[in-house]
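Trainee: Need coordinates for the below:
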Amino acid sequence: MRILVNFQHNDGWFISCLAEDCQTVIGPRLDVASLDTLRRLLRYAGANTEEMNEFERSIGAWNKGSVWISNLTDAGAKLLRIRIQNRVQGME
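Mentor: Numbering: from 1, shown residues only. Prediction:
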């Protein structure tokens, strides 16, 4: 599963997660105390080296941004409190 994680610094780090359509909120806003904790969270959630490099570029340039996580792990989804609604085809 691929998700977009938005992050911004403001007396701590705030993150929110969106579905691949970049519109559907799939988790609550989370507060993270430190940049190191945010890095560990993204790695644990499944961010690969390229995705982490993009994260670091955003942090360096704007102290906020977004990063795609292409292979969200089950443990990462639980940690990020991702909510995915399973829809039965034809029963939306």
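
Trainee: Where does the prediction get shaky in the protein?
Mentor: 85-92 (pLDDT under 70).

Trainee: what's residue 75 in contact with, if anything?
Mentor: By CB atoms under 8 Å, 6 or more residues apart in numbering, residue 75 lies in contact with 44-45. (Each C-beta comes from the backbone N, C-alpha and C, glycine too.)

Trainee: let's see it at 10 Å
Mentor: 44-46 (CB atoms under 10 Å, 6 or more residues apart in numbering).

Trainee: neighbour-wise, which of those residues leads?
Mentor: residue 45 (23 neighbours; other CB atoms under 10 Å).

Trainee: How many neighbouring residues does residue 17 have?
Mentor: Other residues near residue 17 number 24, with proximity taken as other CB under 10 Å.

Trainee: for the one 3 residues further on, same thing?
Mentor: A count of nearby residues for residue 20, using other CB under 10 Å, gives 13.

Trainee: And for the one 10 residues further on?
Mentor: Number of residues near residue 30 (other CB under 10 Å) recorded here: 17.

Trainee: Now it. Nearest residue, chain neighbours left out?
Mentor: Computed as CB to CB, 6 or more residues apart in numbering, the closest residue to residue 30 that is not its neighbour in sequence is residue 15, at 5.1 Å.

Trainee: how near is the one you found to residue 25?
Mentor: Between residue 15 and residue 25 the distance is 12 Å, computed by CB to CB, to the nearest Å.

Trainee: Have a look at the two and say which one is more surrounded.
Mentor: Counted by other CB under 10 Å, residue 15 and residue 25 do not tie: residue 15 has more neighbours, with 20 against 12.

Trainee: what's next to the strand or helix carrying the more buried one, contact-wise?
Mentor: Assigned by DSSP states H and E, residue 15 belongs to strand 13-18. In this structure, residues lying in contact with strand 13-18 by CB under 10 Å, 6+ apart are 3-8, 24-35, 37-38, 41-42, 45, 59, 63-64, 66-67, 69, 72, 76-77, 80-83.

Trainee: same thing but 8 Å
Mentor: The list of residues contacting strand 13-18 from outside it, by CB under 8 Å, 6+ apart, reads 3-8, 24-35, 37-38, 41, 80, 82.
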